[in-house]
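1. Build me a model from this:
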Amino acid sequence: MPATAPTGLGRTTRLAIVSFTTLCGSVSLIYPFGRDQGNYAYAGWILLDGGAPYRDVFMFKPPMTAAVHAAALGLFGVNTWAIRVLDIGWSALTALAIAAIALELWQRRDVALASALTWPFLYYQIDYWNIAQTDGWMTLPSALAIWAVLRGGRAWVRSEWTAMAWWTAAGAFAGIAVLFKYTAGAIAGPMLAALAFVAVTRGRRVWSGLPLMLLGGAAILAACWGWLAATGAWDAFVETQLSLVAPYVVQRAKADTLGQTLTQLVRLRAFQQDLLPLLWTGPIALIPALIASAGGERAAWWALTIPLTWWLAAVVNVLVQGKFFDYHYLPIIAPSALLAGFGLGTALRKPFSRLRSGAARAGVTATLALVLIIATPIGGRARDAARVLTGSQTIETYIASRREYSLPSYRVEEIHRLSKVLMETTTPEQRVFVWGFHPTINIRARRRTVSRFLYNTPFRGSEHRARYEAELMDALTAHPPEVIVVASGDRHFGLDRSYVDSASLLLEVPGLEPFILDHYRRDEPIGRFSIYRLGPGSGQ
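-> Reported below is the predicted structural model:
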């Protein structure tokens with residue numbers, strides 16, 4: 001591996017990466033919210049208006065997810081498509097970061113381009129519920145952390161101070177990844193592999209980078225603590241993470257032994273078949289990657305240890321969470337893309353070298369990419385998006401035509417209808433309280449709720465349940481909302497390993513049902529949503 005610096009990606013390569021990512025991502029512009037996007041979009045909305053997560057809005061995850069949603073809403077307005085636009089941009093930056101890593105490892109633009117294009121191609125195979133999710137977003141700071149380690153190793157040749165700055169930045173990026181999800185801490189493994197790669201290929205003592213990485217990560221976490229403390233949200237944050245998140249993770253675990261856990265990892269159900277490329281691209285691509293490295297420089301073999309370690313760290317990320325939701329597999333894409341890029345780039349190097357002009361190579365690459373898009377789920381979704389965006393099909397007709405938008409506990413069409421009615425019959429200043437697990441309604445209707453509780457999970461099995469119930473009732477009586485919506489048929493998981501229907505749970509909260517009956521009149525329901533409007537109540 002030569003010690004000279006890579007020449008860079010080049011403007012044409014960067015443009016190709018961004019264009020291909022935008023093309024793949026455009027299919028998501030018509031996607032509705034899943035439940036998670038509604039949760040964290042509302043938290044981002046509160047953050048935009050000067051509120052604080054945990055203190056002013058109940059949320060489970062660390063604060064970076066709310067910050068991303070706040071950025072989307074701030075840039076594009078309070079719309080469900082805002083996060084989809086930001087997600088495309090975020091994915092493009094992730095693809096560029098992956099390309100930069102590949103260039104540092106193999107100093108070949110063809111491998112960098114192939115790796116970068118693999119990322120959005122795999123990512124946008126996933127459906128509306130499972131992209132624009134925390135596990136995908138944390139890939140960008142994770143990739144930047146690995147890239148910064150490699151950059152520090154290259155900078156060491158010229159300036160130790162510059163290398164130290166890069167390694168401190170690497171730790172900071174890792175800290176940001178952890179503020180998306182705690183399991184992102186597994187990125188420490190590939191970061192150490194990257195530092196070992198630098199030590200072997202550059203022949204220098206670079207282990208001083210370790211304390212600098214720890215310093216950078218600690219600085220980010222300390223800054224987050226300072227912000228939470230300054231906003232008065234620290235106590236609520238700790239309470240949420242310890243008394244609700246930890247028990248929830250334990251209770252939702254789908255396996256008890258290591259063998260069951262590993263079996264669960266690869267036992268994908270029928271509706272999870274779109275995860276097959278995510279899970280197996282890396283291991284399959286490792287074969288041509290190893291073949292491509294045979295007889296090559298020692299550095300090429302060492303370079304493979306980084307995406308391989310990263311892939312294993314991503315698998316650990318899935319296993320530790322134990323719930324095996326589709327979006328938990330997203331961190332696997334980046335290292336798989338690097339392995340695929342190296343294997344494909346090397347395998348296609350000789351055939352492409354026979355093409356005499358850059359234009360011919362670009363044309364063949366574009367043709368191959370389009371064929372892959374057409375032959376995979378992205379192609380069908382692109383046709384749907386084109387019909388909706390050109391007006392030949394309404395969004396309502398599109399949603400009604402897709403089975404994934406009508407889940408047993410989450411029906412997008414009903415949420416859209418209800419949100420439209422709320423916008424037509426209330427003013428922006430009036431509040432809407434939804435008793436259920438559907439903060440998407442508040443976002444689509446652009447109507448605030450009355451308390452920090454977006455959903456009623458905290459009222460199931462929490463040791464603080466009585467205090468939460470009193471807090472909710474105080475908020476309702478102090479500022480009665482114009483409309484109360486009660487969901488039914490929305491069985492969701494509580495903290496006590498049971499499923500609960502919101503309409504049934506309402507009866508368990510002292511004073512909640514009498515409050516509704518005494519102060520609200522029942523309106524025409526929409527689907528499984530009962531609607532109560534402020535006014536003389538029926539009292540029964």
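
2. now the strands: where do they sit in this structure?
-> Ranges of strands within the chain are 406-407, 410-411, 432-435, 483-487, 492-493, 499-500, 520-526, 529-534, based on DSSP state E.

3. could I get the ones you listed as a markdown table with mean pLDDT?
-> Output for the strands of the chain, formatted as a markdown table (pLDDT from 0 to 100):
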| stretch | mean pLDDT |
| --- | --- |
| strand 406-407 | 88 |
| strand 410-411 | 91 |
| strand 432-435 | 95 |
| strand 483-487 | 96 |
| strand 492-493 | 61 |
| strand 499-500 | 70 |
| strand 520-526 | 95 |
| strand 529-534 | 95 |
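
4. partner residues bridging residue 520?
-> For residue 520, the beta-bridge partners are residue 534 (DSSP bridges).

5. and residue 322, how many neighbours does it have?
-> 17 (other CB atoms under 10 Å). Bear in mind the C-beta positions are built from the backbone N, C-alpha and C, glycine included.

6. and if you look at residue 426?
-> 19.

7. give the contact list for it.
-> 432, 445, 447, 482, 483 (CB atoms under 8 Å, 6 or more residues apart in numbering).

8. One more pass at 10 Å, please.
-> Residue 426 sits next to 432, 445, 446, 447, 481, 482, 483, 533, 534 when contact means CB atoms under 10 Å, 6 or more residues apart in numbering.

9. Okay, the fourth one and residue 15: tell me how far apart.
-> The gap separating residue 447 from residue 15 is 42 Å, by CB to CB, to the nearest Å.

10. ok so, going back, which of the contacts of residue 426 sits closest to residue 232?
-> Distances from residue 232 to the contacts of residue 426, taken as CB to CB, are shortest for residue 481 (24.4 Å).

11. so that closest one makes contact with residue 449?
-> Yes. Counting by CB atoms under 10 Å, residue 481 touches residue 449, with 7.2 Å between them.

12. So for those two, which residue has more residues nearby?
-> A direct count of neighbours by other CB under 10 Å for residue 481 and residue 449 places residue 481 higher, at 24 against 19.

13. if I look at the more buried one, how far off is residue 343?
-> 57 Å.

14. likewise residue 113?
-> For residue 113, the distance to residue 343 - CB to CB - is 14 Å.

15. For this structure, name the helix or strand with the lowest mean pLDDT.
-> Ranked by mean pLDDT, DSSP states H and E, the weakest helix or strand in the chain is strand 492-493, scoring a mean of 61.

16. residue ranges with poor pLDDT in the stretch 1-150 of the chain?
-> Applying pLDDT under 70 to the stretch 1-150 of the chain flags the ranges 1-7.

17. Which stretches in it count as helices?
-> Listed in chain order, the helices of the stretch 1-150 of the chain (DSSP state H, counting those that start in this stretch) span residues 11-25, 35-48, 64-76, 82-106, 109-123, 134-137, 139-155.

18. Determine which of the ones you listed approaches residue 337 most closely.
-> helix 109-123 (3.8 Å).

19. Quick one: work out the angle between that closest one and helix 139-155.
-> 160 degrees (axes from the mean of the first three to the mean of the last three CA atoms, to 10 degrees).

20. orientation of helix 109-123 relative to helix 11-25 in degrees?
-> Using the same axes, to 10 degrees: helix 109-123 against helix 11-25 is 10 degrees.

21. sorry, back to before: any chance of TSV for the strands of the chain, columns mean neighbour count?
-> As requested, those are exported to TSV (neighbours: other CB atoms under 10 Å):
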stretch	mean neighbour count
strand 406-407	13
strand 410-411	20
strand 432-435	25
strand 483-487	24
strand 492-493	18
strand 499-500	16
strand 520-526	15
strand 529-534	20
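
22. Make TSV out of those strands and add distance to residue 514.
-> What follows is the strands of the chain, written out as TSV (distance: least, CB to CB, whole Å):
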stretch	distance to residue 514
strand 406-407	32
strand 410-411	29
strand 432-435	14
strand 483-487	13
strand 492-493	24
strand 499-500	20
strand 520-526	11
strand 529-534	13
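
23. ok, back up a step: now for residue 481 and residue 449: what residues contact both?
-> 431, 432, 433, 434, 475.

24. Who are the contact partners of the last one?
-> When the contact criterion is CB under 10 Å, 6+ apart, the partners of residue 475 are 431, 433, 449, 450, 451, 452, 453, 481.

25. For the third one, give me its contacts.
-> It stands for residue 449. 42, 46, 57, 431, 432, 433, 434, 439, 441, 442, 475, 481.

26. which residues does residue 429 contact?
-> 447, 448, 482.

27. Report pLDDT for it.
-> On pLDDT, residue 429 comes in at 95.

28. For burial, what's the neighbour tally of the nearest residue to residue 318 once chain neighbours are set aside?
-> In this structure, residue 318 finds its nearest non-sequential neighbour in residue 328, 5.0 Å apart by CB to CB, 6 or more residues apart in numbering. Residue 328 has 24 neighbours, counted by other CB under 10 Å.

29. From residue 450, how far off is residue 328?
-> 33 Å.

30. can you check residue 264 too?
-> 40 Å.

31. same thing with residue 108?
-> 58 Å.

32. need the contact list for the closest residue to residue 176 other than its chain neighbours.
-> Of all residues not flanking residue 176 in the chain, residue 141 sits nearest, at 4.2 Å (CB to CB, 6+ apart). Going by CB under 10 Å, 6+ apart, residue 141 touches 64, 94, 97, 172-180, 184, 187, 220.
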